[in-house]
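Undergrad: Need a 3D model of the following:
(chains A, B and C)
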Amino acid sequence: MMLSDPIFTTLDPDQRRAVLHDGGPLLLVAGAGSGKTRAIVARIVRLLRDGVPARSILGITFTNRAAGEMRERVAKALVPDGDPSAGDAVARSFPGTSRAAHVPWLGTFHAFGAILLRRHGDRIGLSRRFVIYDTRDQHDVLKRILKDLNVDEKKFPPAKFGWLIERAKRDGVSVEQAALSAGWRVVTTAGQVGKAYDDALAEAGAVDFTDLIRLPVTLLRGAPDVLAAVRSEVRHLLVDEFQDVDGAQAELTELLAQGADSFCAVGDEDQSIYGWRGASAAPMLSFEGRHPGSKVIHLSTNYRSRAAILSVAGALIAKNRSRREKKITPAREGGERPSMSVYADQEAEAQEVAAAVAREIRAGVAPTEIAVFYRVNAQSRAVEDALRMLRIPYVLRGALSFYERAAVRDAVSYLKWFLHPDDAVSLKRLLKFPRRGVGEVTLEKSRAAARREGIPPSGALSRIPNLAPLFSFRALWLAELPQMSPAEALHALLSGAGYLDALEASAREPGEGREGAGREEDLEHVRELLRVAEAFTGEGEDGLLEFLEKVTLAAEEAGVEESKAVRLMTLHNAKGLEFDVVFLVGLEDGLLPHSRSVDSPHEIEEERRLFYVGLTRARERVFLSLVRRRNLFGSYRDTVPSRFLYDLPASLVRRTDGALPESPPGRGLFGGAGPGHRVTVHREPRYEEENPSARPRKVRHPVFGEGQVESVQGEGKDQKIIARFPVYGLKKILVRAVEMEFLD
DNA sequence: CCCCCGTCAGCTGGT
DNA sequence: CTGACGGGGG
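TA: This next block holds a predicted model:
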């Protein structure tokens, strides 16, 4: 064993045990910042050094980005002194067939599922050319179905049915069952919609995201020879972010793990933040029970965050009840306490954040090491405006990704339809631009005719006169396809079909201002898509399918990541990343926790984990903030501070907002009493309203500061006090919900 | 069939 | 305030 390699010598004892563990299944419980990726990479390298062929190692990650990062690090470890770009080249080659043979396959569940289905999908009646429908495509399909079935779209929007269908697939139950367990009243209708949806996808030769997991499970269960073939290939399995697998992903993992020489699952239940899409930490928590002879190793040293940050994060997450108590030791002592600021509205907040970002940059922090996190995408706007004002470059992660842009989707729909002319959703999209005089009515007639005659939809479509040019060009294009690279094929297709010309003409068109400018941008996006295609090397249909898959499954921004830009993203997007400086904005009830989560203790805990994830991304500094009024749908609404702020011990947080009364040292700024001070904190008021002279005239609210009590309403559990605060004005406060100090 | 315009509802989160 | 949808005229 070549343990002299720096990749092994720099490991701590726990990481080393995880890297060297052989034999039974291994659960690696890796807290935030504990060097998880380093351990996984070292484990892969260790396997390779032991002589395991790269192709027999399968590493599943949560995002394509995480896979890319890991691939790069593995490549670098294997060729440490090589051309620095060599690692990049290897990293970029995925998922090309040309990928370097010495780096294992690393990718998402969805990408892996797609590969299995391309290879063996014919066994369950799936065309090799199947297209992948994303959420938008799915909603388009459902919209048509709901119309056909006369379901009121207002009461039952397509998204709801999409959610239900996906849930059914994840849990491996019928749509009716899913509807029942979700408490729906329209169970029969749900079943009909589910059936129609399946038919529509089958007719279009399409699969949705969840199919990419569920169908492989069905396939491997039903075809022992395929299962054996896959198992003979996948000898070593690693699954990252195991706390966030959904039911179908857990089943797929089991199927692979049972036949493997080694299986290593890595996760941290405190970072499980995808419960809303069916993820559950249950497979992780029951790991030992389900895998006799398995081993559990904890990585409990945090190498990332300063102790001052970690103690706040630790105090926060300790409030969650459904978790295993664990000890996390900071490797980096000291540091600044996270700061907490209150601003008038989100514009003020954004301006102060932008100003602070500017200060950090002036002080020498790299812009790429600064991130702003928020709960919902809509919050990015104010921050963007403020950063633009100060001319600070920024990049958004995740929001509306490159591949979701209208023009890119248009171009991709051409590609999808040319490869699969039965794909109704793509056809409908591409017919929007340029106009070809074929609309919904004509399509519906054609569809009906195809059903009547029992021919594929495309058979009837080809008889539509206005589509004839498209079909004849498609025949030409298909004949040329085997000789063309993905980029050539895409370009030939878009220009031959008249799309590029129409787009250019429309971009040149003067006068319309907004229209013209928009098209200009569209053209740029399509050119960028063509550039992305350049990176794909395969020839003919295979290369193109690979490109298409990448485009459909990649949520990431295409093109170069700006190397000098501040990062803006949602808390969900922040998972797995780290930054020197982190800003966490909009810490208000309704946003964090989100209003749609507040009714369920379970979901509130998930929101708390989201906050925890945000805090633990920071290495050096954290800035927390909230606003007093928030603009929603055009009007301002008063806010309530996030209930999670009351979980943070006052002594650990630095209050920076001068406009509010400064809290005395050690006093309970956020509800907790510091050492050395005796502060009476009441959950119940210590007075009766019948005796007004006994009631306190002043209260100290954890966030609003000191205020004058004006009146008291209700009794017992529902008792509220109405008090006036210096900055916030009049506030009604539910006594049992807030730890307040009552002063006289 | 297409385009324009008025009305109305809407903002979790992501592969 | 923004985007989606439906109705009516071209």
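Undergrad: pull the longest helix from chain A.
TA: Criterion DSSP state H: the longest helix present in chain A is helix A:514-534.
Undergrad: Who are the packing partners of it?
TA: Judged by 3 or more C-beta pairs under 8 Å, 6 or more residues apart in numbering; DSSP states H and E, the packing partners of helix A:514-534 are helix A:406-419, helix A:486-496, helix A:499-508, helix A:540-553. Placement of C-beta: from N, CA and C, glycine included.
Undergrad: distance between it and the chain's centre?
TA: Put simply, helix A:514-534 sits 26 Å off its chain's centre (C-alpha atoms, centre = their mean, to the nearest Å).
Undergrad: Just the mean pLDDT for it, thanks.
TA: Here helix A:514-534 scores 73 as its mean pLDDT.
Undergrad: Single out the most deeply packed of the helices and strands packed on helix A:514-534.
TA: Of these, the one with the most neighbours on average (mean count of other C-beta atoms under 10 Å) is helix A:406-419, at a mean of 23.
Undergrad: For chain A, give me the ranges with low pLDDT.
TA: A:1-3, A:80-101, A:398-401, A:509-519, A:555-562, A:657-697, A:700-706, A:711, A:713-720, A:724-744 (pLDDT under 70).
Undergrad: Which positions in it make contact with DNA strand C?
TA: A:143, A:153, A:633-634 (C-beta under 7 Å from any atom of the strand).
Undergrad: Output those of those residues also counted as contacts of DNA strand B.
TA: A:633-634.
Undergrad: By proximity to DNA strand C, which residue of chain A wins?
TA: residue A:634 (3.5 Å; C-beta to the nearest atom of the strand).
Undergrad: Assign residue A:365 to helix, strand or coil.
TA: coil (DSSP: H, G, I helix; E, B strand; the rest coil).
Undergrad: Wait, it touches residue A:566, no?
TA: No. The pair residue A:365 / residue A:566 is not scored as a contact, 9.9 Å apart, by C-beta atoms under 8 Å.
Undergrad: The two: who's more crowded?
TA: Under the neighbour definition other C-beta atoms under 10 Å, residue A:365 and residue A:566 were set side by side, and residue A:566 has more, 28 against 18.
Undergrad: so what's the backbone phi/psi at that one?
TA: Dihedral pair for residue A:566: phi -70, psi 150, per degrees, to the nearest 10.
Undergrad: Which residues are in contact with it?
TA: A:357, A:367-368, A:370-372, A:387, A:392-395 (C-beta atoms under 8 Å, 6 or more residues apart in numbering).
Undergrad: Of those residues, grab the buried ones for ChimeraX.
TA: Buried members of those, defined by 16 or more other C-beta atoms under 10 Å, are picked up in ChimeraX with:
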select /A:357,367,368,370,371,372,387,392,394,395
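Undergrad: Out of the contacts of residue A:566, name the ones that lie in strands.
TA: Among the contacts of residue A:566, DSSP state E puts A:370-372, A:394-395 in strands.
Undergrad: Closest to residue A:237 out of the contacts of residue A:566?
TA: residue A:371 (32.0 Å; C-beta to C-beta).
Undergrad: How about the residues of the stretch 301-450 of chain A by DNA strand B?
TA: Near DNA strand B, when you scan the stretch 301-450 of chain A using C-beta under 7 Å from any atom of the strand, you find A:375-378, A:398, A:401, A:431, A:435-443.
Undergrad: Buried ones among these?
TA: Buried among those (16+ other C-beta under 10 Å): A:375, A:377, A:398, A:431, A:436, A:438, A:442-443.
Undergrad: returning to that earlier point: identify those among the residues of the stretch 301-450 of chain A next to DNA strand B that sit within helices.
TA: A:440-443.
Undergrad: mind checking how far the residue in the stretch 601-744 of chain A positioned nearest to DNA strand B is from residue A:595?
TA: Using C-beta to the nearest atom of the strand, the closest approach of the stretch 601-744 of chain A to DNA strand B is made by residue A:633 at 4.3 Å. Distance, residue A:633 to residue A:595, by C-beta to C-beta, to the nearest Å: 14 Å.
Undergrad: of these two, who's got more company?
TA: Set residue A:633 next to residue A:595 and count neighbours by other C-beta under 10 Å: residue A:595 wins out with 10 against 5.
Undergrad: got a list of contacts for the longest helix of chain A?
TA: A:402, A:405-408, A:410-412, A:486-487, A:490-491, A:494, A:500, A:503-504, A:506-510, A:547, A:551, A:558-559.
Undergrad: Would you mark the buried spots in that helix?
TA: A:519-520, A:522-523, A:525-526, A:528-530, A:532-533.
Undergrad: next one: stretch A:290-300 to chain centre, how far?
TA: That offset, for stretch A:290-300, works out to 27 Å (C-alpha atoms, centre = their mean).
Undergrad: Could I have the CA atoms of that stretch written out in PDB?
TA: Taking Å, rounded to 0.1, in the frame of the first residue of the first chain, the C-alpha atoms of stretch A:290-300 are listed here in PDB:
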ATOM      1  CA  ARG A 290     -30.300  -3.500   7.200                       C
ATOM      2  CA  HIS A 291     -26.700  -4.500   6.700                       C
ATOM      3  CA  PRO A 292     -25.500  -7.100   9.200                       C
ATOM      4  CA  GLY A 293     -21.800  -6.900   9.600                       C
ATOM      5  CA  SER A 294     -21.600  -3.300   8.500                       C
ATOM      6  CA  LYS A 295     -19.400  -0.700  10.100                       C
ATOM      7  CA  VAL A 296     -20.200   2.900  11.000                       C
ATOM      8  CA  ILE A 297     -17.400   5.500  11.100                       C
ATOM      9  CA  HIS A 298     -18.000   9.100  12.300                       C
ATOM     10  CA  LEU A 299     -16.000  12.000  11.000                       C
ATOM     11  CA  SER A 300     -16.400  14.500  13.700                       C
END
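Undergrad: What are the buried residues along that stretch?
TA: Neighbour-count burial for stretch A:290-300 [16+ other C-beta under 10 Å]: A:291, A:294-295, A:297-299.
Undergrad: Check stretch A:221-238 too.
TA: For stretch A:221-238, by 16+ other C-beta under 10 Å, it's A:226-227, A:230-231, A:234-238.
Undergrad: between these, which is closest to residue A:337?
TA: residue A:238 (37.0 Å).
Undergrad: Using PDB, write out every CA atom in the helix or strand hosting that closest one.
TA: If you go by DSSP states H and E, residue A:238 is part of strand A:236-239. C-alpha atoms of strand A:236-239 as PDB (Å, rounded to 0.1, in the frame of the first residue of the first chain):
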ATOM      1  CA  HIS A 236     -17.500  -1.100  -5.700                       C
ATOM      2  CA  LEU A 237     -20.300   1.300  -4.900                       C
ATOM      3  CA  LEU A 238     -20.100   4.700  -3.200                       C
ATOM      4  CA  VAL A 239     -23.100   6.800  -2.500                       C
END
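Undergrad: Residues in contact with it: which ones?
TA: A:40, A:43-44, A:47, A:52, A:56-60, A:245, A:253, A:256-257, A:260-266.
Undergrad: Enumerate every residue touching the residue lying closest to residue A:280 once chain neighbours are set aside.
TA: Closest residue to residue A:280 apart from its sequence neighbours, by C-beta to C-beta, 6 or more residues apart in numbering: residue A:246 at 7.0 Å. Shown in contact with residue A:246 (C-beta under 8 Å, 6+ apart): A:170, A:213, A:274, A:277-280.
Undergrad: List, out of those, those positioned next to DNA strand B.
TA: Okay, of those touching DNA strand B (C-beta under 7 Å from any atom of the strand), that's residue A:277.
Undergrad: so can I have TSV of the contacts of residue A:246 showing secondary structure?
TA: Shown next, in TSV, are the contacts of residue A:246 (three-state DSSP):
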residue	secondary structure
A:170	helix
A:213	helix
A:274	coil
A:277	helix
A:278	coil
A:279	strand
A:280	coil
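Undergrad: which of the contacts of residue A:246 tops the neighbour count?
TA: If you rank these by neighbour count (other C-beta under 10 Å), residue A:213 sits at the top with 25 neighbours.
Undergrad: on that earlier part again, could you dump the helices and strands packed on helix A:514-534 into a markdown table and include distance to residue A:217?
TA: Output for these, formatted as a markdown table (distance: least, C-beta to C-beta, whole Å):
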| stretch | distance to residue A:217 |
| --- | --- |
| helix A:406-419 | 25 |
| helix A:486-496 | 30 |
| helix A:499-508 | 38 |
| helix A:540-553 | 18 |
